[in-house]
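S.K.: no sequence for this one, just the structure:
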Ligand code: APR
């Protein structure tokens, strides 16, 4: 342990965190979009071959952000971030902005953000609210057809890996919420944390996952109930 009074905490979240806010998960019963698996629309190949389809998928998801709100699990994690005495890092695979809207600051979007886009020509990343089309010109370099969602697709390197790896080196408590544990490298974080000596590894999910066996504690239930409960426990017992 890096210090019994101030344990280091890393939280990893996935689509299950935002499910009760109305953001669809990727692999649940609603895991298909117009007959496509996520792997078929979230890849550089898909963007090369059918950019209109890829834009439509992300445009719909970006627009849908206007219809959702953070839930009690997002708010509880912000309370944890603010009150936790040791180091704290919240790594999310989610591309929505519900954690920020709840007030999260120590947050890293390892798979990018729906409200950001990137120009493949000038490489600038910019905030973006409206739809993106194949005909959209980059507002900075004015090149047409080079704009893409700033989302990490299959086969691409997730963001913040160095910082996350460093945090996992000294983590004491690792909490994993609402992820199916099938997409790497995030799916390997629990094992990484355990190998570095994390004493508590806690999973919250509706069901068992591919990575459940790596956790020392498993709490089965909805994030909106289980996360606030866990946060209260952590803050009163640590
Ligand atoms: N509370 C807790 N867990 C839930 C809830 C809920 N209300 N609803 C769903 N879950 C769980 C499901 O049981 C499932 O294990 O959340 C998980 C969601 O899994 P996925 O849809 O696979 O989402 P995620 O693990 O975040 O996907 C990882 O895959 O497609 C890529 O880049 C995308 O970031 C995404 C990555």
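M.R.: Received the coordinates, thanks. On a predicted model such as this, the values are computed, not experimentally measured, just so you know. Numbers count the residues shown, from 1 in each chain.
S.K.: Close to the ligand: what parts of the protein are there?
M.R.: Contacts of the chain with the ligand, taken as Cβ under 6 Å from any ligand atom, map to 14-16, 19-20, 25-28, 38, 42, 93, 111, 178-180, 183, 204-207, 209, 222-223. Bear in mind the C-beta positions are built from the backbone N, C-alpha and C, glycine included.
S.K.: Any of those buried? List them.
M.R.: Neighbour-count burial (16 or more other Cβ atoms under 10 Å) applied to the residues of the chain next to the ligand gives 14-16, 19-20, 25-26, 38, 42, 93, 111, 178-180, 183, 204-205, 209, 222-223.
S.K.: Next step: the residues of the chain next to the ligand restricted to helices.
M.R.: The helices, defined by DSSP state H, take in 16, 19, 38, 223 from the residues of the chain next to the ligand.
S.K.: Next one: the last one from residue 199, what distance?
M.R.: So that's residue 223. 23 Å (Cβ to Cβ, to the nearest Å).
S.K.: how distant is the host helix or strand of residue 90 from the center of its chain?
M.R.: Here residue 90 sits within strand 88-92, counting by DSSP states H and E. Computed by Cα atoms, centre = their mean, to the nearest Å, the chain-centroid distance of strand 88-92 equals 9 Å.
S.K.: So which elements touch that strand?
M.R.: Counting contacts by 3 or more Cβ pairs under 8 Å, 6 or more residues apart in numbering; DSSP states H and E, strand 88-92 packs against strand 9-13, helix 72-83, strand 107-109, helix 161-169.
S.K.: what residues does it touch?
M.R.: The contact list for strand 88-92 (Cβ atoms under 8 Å, 6 or more residues apart in numbering) reads 8-14, 17, 77, 80-81, 99, 104, 106-111, 160, 163-164, 167, 186, 189.
S.K.: the bottom helix or strand of the chain by mean pLDDT?
M.R.: helix 38-41 (a mean of 86; mean pLDDT, DSSP states H and E).
S.K.: residues in contact with that helix?
M.R.: So helix 38-41 is in contact with 26, 27, 31, 33, 46, 53, 54, 57, 154, going by Cβ under 8 Å, 6+ apart.
S.K.: Is it possible to mark the buried ones in the residues you listed?
M.R.: Buried among the contacts of helix 38-41 by 16+ other Cβ under 10 Å: 26, 33, 46, 54, 57.
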